[in-house]
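predicted structure and sequence below. I'll ask about it afterward.
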Amino acid sequence: MGPLVINEIISENTNLLLAFFIGIAFGFVLEQGGFSSSRKLAGVFYGYDAVVLKVFFTGAVTAALGMLFMSLFGWLDLSLVYVNETYLTSAILGGIVMGAGFIMGGYCPGTSFCGAAIGKIDAMIFVIGLFIGVFIFAEGYPLWEGIFKANFMGYPKISEFLNISEGFFALILVIAAVTMFWGAEWAEKKFPREEY
Amino acid sequence: MSKINKSKYMNPYLAGVLLGLVVIAANFISGRSVGASGAIKSAIVAGVETVAPAHAESATFYKEFSEGHTGNPLNTWLVYQMLGVILGGFLSGVLAHRLTWKVEHNPRITSRTRLIFALVGGILFGLGSQFGRGCTSGSALSGMAILSLGGFISMAAIFGTAFALAYFFRKLWI
């Protein structure tokens, strides 16, 4: 059955229309979860509010398990689902630069659009920054094209990399997530902060 | 001391399950998952192609983008999805009575300081998202959902760096 557009069950135009509705659901859930607030997002790095960790890892675990089960039931052909390419050097470098942006700006791209959508002016400024950052990358591309394309590893899954089955890795992921949730609940009690 | 009120938002674990269902729906329907920074890249390419078409034809970055895409750079899955994100966030804000014009900042810093760091943070996140071939949504969340090695590397690098630098920027938040 799935993915519907790749199996030509729906047309490319329908796919783009559904992208809009998927976006509505994505934005709605992010805002409902508190991701429109930089105070809540940054809270995870100081322990006073671990909503990022809880929502993010519950989402990742739910999606990973859901797709493995759908594959098992024959509802979703995982070999047709896009797996992110891994360029080791730029993945690490990009992550470091993004992490610095996260702690200074208090948002990530998706969440800043949610914050901007409900009137947060700091989120709007962050969005402007995003455009400037992408533009700098585009204009300076010849300078870092080499780094950007270094150490290409293909499209590996972490389970293949670790040489274990997808199901077993999912189990490890669930255990890691539950352990972190326990730590997050403890931290929120230990480092409470007033709202502002 | 005022009461610490966290009940106005959805239970985070419930929000997480719903977020996971959104990612599953995206993969089931489209064979790909959610993202945010890719839509900004499309907008930049479209803007440069309009304002400086000669530059867009000669500079490598824009040429590589055109090789991978046909038609208008704005006519992509992620652009429609991001328009939805803005509407979805807005609708949630309406329902929860959270629509306000404000600079959300720690009372220990000024609005001006908050906005300067928001701008610098945005620039860094935009730059980093291009090196990382996706941001927290497209690379980390979506990548982890499909168990991509790159997704886990992105997640660890983003959150690890933010944790490592948290001490130096503590005055912004606590």
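Good, I have the coordinates. The structure presented is a predicted model; accordingly, all values stated were derived computationally and were not measured.

just the helices in chain A please.
For chain A, the helices defined by DSSP state H occupy A:12-33, A:38-43, A:51-72, A:88-105, A:109-117, A:121-139, A:141-148, A:158-162, A:166-190.

how much space separates residue B:14 from residue A:55?
Computed as C-beta to C-beta, to the nearest Å, the residue B:14 to residue A:55 distance reads 9 Å. For glycine as for every other residue, the C-beta is placed from the backbone atoms N, C-alpha and C.

so for those two, which sits in the more crowded spot?
Set side by side, residue B:14 and residue A:55 show more neighbours around residue A:55, with 30 against 15, by other C-beta atoms under 10 Å in any protein chain shown.

please verify my assumption that the more buried one contacts residue B:12.
Yes: between residue A:55 and residue B:12 there is a contact under C-beta atoms under 8 Å: 4.9 Å.

for the helices of chain A, give me TSV that also has mean pLDDT and distance to chain B.
Conversion of the helices of chain A to TSV gives the following (pLDDT from 0 to 100; distance: least, C-beta to the nearest C-beta, whole Å):
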stretch	mean pLDDT	distance to chain B
helix A:12-33	97	2
helix A:38-43	95	5
helix A:51-72	97	2
helix A:88-105	98	2
helix A:109-117	98	4
helix A:121-139	98	2
helix A:141-148	96	4
helix A:158-162	96	5
helix A:166-190	96	6
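
most tightly packed of the ones you listed?
Across the helices of chain A, the average number of neighbours (mean count of other C-beta atoms under 10 Å in any protein chain shown) peaks for helix A:109-117, which reaches a mean of 28.

what inclination does it have with respect to helix A:88-105?
Using axes from the mean of the first three to the mean of the last three C-alpha atoms, to 10 degrees, the inter-axis angle of helix A:109-117 relative to helix A:88-105 is 30 degrees.

CA atoms of helix A:109-117 as CSV?
This file holds the C-alpha atoms of helix A:109-117, laid out as CSV (Å, rounded to 0.1, in the frame of the first residue of the first chain):
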residue,chain,number,x,y,z
PRO,A,109,13.4,26.3,12.4
GLY,A,110,10.0,24.5,12.6
THR,A,111,9.3,25.7,16.1
SER,A,112,10.2,29.3,15.2
PHE,A,113,7.5,29.3,12.5
CYS,A,114,5.0,28.1,15.2
GLY,A,115,6.1,30.9,17.5
ALA,A,116,5.9,33.5,14.8
ALA,A,117,2.4,32.2,13.9
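
so who does residue 138 touch?
If you meant another chain, say so; for now it's chain A. Residues near residue A:138 by C-beta atoms under 8 Å, 6 or more residues apart in numbering or on different chains: B:41, B:44, B:45, B:48, B:59, B:61, B:62, B:130.

let me rephrase: I mean chain B.
A:84, B:33, B:34, B:35, B:36, B:37, B:38, B:78, B:129.

also residue A:78?
A:67, A:68, A:71, B:146.

now swap in residue B:144 and tell me
For residue B:144, the contact set (C-beta under 8 Å, 6+ apart) comprises A:60, A:63, A:64, A:173, B:151, B:152, B:155.

so which of the helices of chain A comes closest to residue B:141?
helix A:51-72 (6.0 Å; C-beta to C-beta).

helices or strands next to the closest one in the packing?
Helix A:51-72 is packed against helix A:38-43, helix A:166-190, helix B:12-30, helix B:142-145, with contacts defined by 3 or more C-beta pairs under 8 Å, 6 or more residues apart in numbering or on different chains; DSSP states H and E.

how about those in JSON lines, adding distance to residue A:17?
As requested, these are arranged in JSON lines below (distance: least, C-beta to C-beta, whole Å):
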{"stretch": "helix A:38-43", "distance to residue A:17": "30"}
{"stretch": "helix A:166-190", "distance to residue A:17": "31"}
{"stretch": "helix B:12-30", "distance to residue A:17": "10"}
{"stretch": "helix B:142-145", "distance to residue A:17": "20"}
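
residue B:134: which of these is closest?
Of all the helices and strands packed on helix A:51-72, it is helix B:142-145 that lies closest to residue B:134, at 7.2 Å by C-beta to C-beta.

quick one: the helix or strand following the closest one to helix A:51-72, angle?
Sequence order places helix B:149-165 as the next helix or strand after helix B:142-145, per DSSP states H and E. Using the same axes, to 10 degrees, the direction of helix B:149-165 lies 170 degrees away from that of helix A:51-72.

is chain A within reach of the very next helix or strand once past helix B:149-165?
Once helix B:149-165 ends, the next helix or strand along the chain (criterion: DSSP H and E) is helix B:170-173. Yes: Helix B:170-173 reaches chain A (C-beta under 8 Å from any C-beta of the partner chain) through B:170, B:172, B:173.

for the second one, what are its contacts?
Spelled out, it's residue B:172. Contacts for residue B:172 (C-beta under 8 Å, 6+ apart) come out as A:42, A:104, A:106, B:106, B:109, B:113, B:114, B:117.
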